[in-house]
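> Provide a 3D model corresponding to the input given below.
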Amino acid sequence: MRKSYIGILFLLLMVFGLYFSTIASNGFCLGDYILNQLGLKAFQNDEEKLGLRYTFFYALFFVIVGWKGAKKYLKDSHPILIKRLPWIFFGMLLFVVPTTTEFAKNTYYSLQDGVKSIEYDSTNSRCQVDIEGEKQLVSGAIVLSNHGNKEVNLSIKLIDREDFVEDIIIRDNQNQTVFKLPPKEKSSLKYEFYIDREKTTFQSGNMNGPKIELVEQNEGGRN
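So this is what the prediction gives:
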């Protein structure tokens, strides 16, 4: 009986390894988050998320150790389970883990209120900077999903200190700084505005998934 409990723990370690490196549709990864909280790197270049992805190797370690441990401690008490372990693994990898990861993400956001119910899709968001005379044109789109049941009014700040010397509140082409997000909808918020050239170290080019901060506003436009 004791061996069965140990085997189940190893089986759970294997499952944890699968979840550890799975990336949700908004770019969130449980393993990346845990490593960063522990002060460890998730990527070789953590700032730009480039280079070797260490999260994958941690996950691979968990899966291998969990697999071997489960086979060792469950082969006598649960031989059919061990025989079907490869099918269970691939079923988890291809179907169960991605589906439950998305479900858990959506459930988490739907239980929040206000700006906390807003999901930022960094993968599909972009920022373009172009030089135009003495000014620089900042344009692009921020993709947000409101999982809540109420409309949310908010402003968006660009907070990347590597590219901007101060926080920049984005504006649309009508110079509006407050955006309305309807409930249960995904919105692509387009923006276009000028800034002084000394406010950015980013001369020209584009970036995907700019660092942002969401600030909730009331109907009068105040936070």
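> Could you double-check that residue 31 sits in contact with residue 42?
Yes - counting by C-beta atoms under 8 Å, residue 42 is a contact partner of residue 31 at 6.9 Å. C-betas here are computed from N, CA, C, even on glycine.
> Now for these two: what residues contact both?
Common neighbours of residue 31 and residue 42, using C-beta atoms under 8 Å, 6 or more residues apart in numbering, are residue 55.
> ok, the residue most central in space within the chain to residue 105 distance?
Taking C-alpha atoms, centre = their mean, the centroid of the chain lies closest to residue 28, which sits 2.4 Å from it. According to C-beta to C-beta, to the nearest Å, residue 28 stands 7 Å off from residue 105.
> before we move on, the earlier item: who touches the residue nearest to the centre of the chain in this structure?
residue 105.
> I'd like the domain boundaries of this protein, if you could list them.
2-111, 116-217 (automatic domain parsing).
> Same list (these) but as TSV, adding mean pLDDT.
Output for the domains of the chain, formatted as TSV (pLDDT from 0 to 100):
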stretch	mean pLDDT
domain 2-111	92
domain 116-217	92
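> thinking again about what came up before, backbone torsions only: list them for the residue nearest to the centre of the chain.
Listed backbone geometry of residue 28 is phi -70, psi 140, with angles given as degrees, to the nearest 10.
> and if you look at the one 3 residues further on?
Dihedral pair for residue 31: phi -60, psi -40, per degrees, to the nearest 10.
> what's the answer for residue 101, then?
Backbone phi and psi, for residue 101 under degrees, to the nearest 10, turn out to be phi -60, psi -50.
> hang on, isn't it packed against residue 21?
No - the criterion here is C-beta under 8 Å, and residue 101 misses it with residue 21 at 10.7 Å.
> Looking at the two now, which is surrounded by more residues?
Using other C-beta atoms under 10 Å as the criterion, residue 101 and residue 21 rank with residue 21 on top: 22 against 19.
> How about the contacts made by the more buried one?
Residue 21 sits in contact with 29, 31, 53, 55-56, 58-60, where contact means C-beta under 8 Å, 6+ apart.
> what's the answer for residue 37, then?
Contact analysis of residue 37 by C-beta under 8 Å, 6+ apart lists nothing.
> In this structure, mark out all the strands, start to finish.
Remark: strands assigned in the chain by DSSP state E are 43-45, 50-53, 118-120, 126-132, 135-146, 152-158, 168-169, 179-181, 185-196, 205-208, 212-217.
> between those strands, which gets nearest to residue 10?
strand 50-53 (24.4 Å; C-beta to C-beta).
> Would you mind pulling up the elements that the closest one packs against?
When contacts are defined as 3 or more C-beta pairs under 8 Å, 6 or more residues apart in numbering; DSSP states H and E, strand 50-53 sits against strand 43-45.
> what comes into contact with the strand it packs on?
32, 49-55.
> Now that strand: buried residues?
residue 43 (16 or more other C-beta atoms under 10 Å).
> neighbours around the closest residue to residue 190 other than its chain neighbours, how many?
Spatial nearest neighbour of residue 190, excluding adjacent residues (C-beta to C-beta, 6 or more residues apart in numbering): residue 141 at 4.9 Å. Around residue 141 there are 16 other residues, counting by other C-beta under 10 Å.
> In the chain, which residue sits furthest out from the middle?
Extreme point of the chain relative to centroid (C-alpha atoms, centre = their mean) is residue 76; 41.2 Å.
> Quick check: it vs residue 2, distance?
Taking C-beta to C-beta as the measure, residue 76 and residue 2 are separated by 12 Å.
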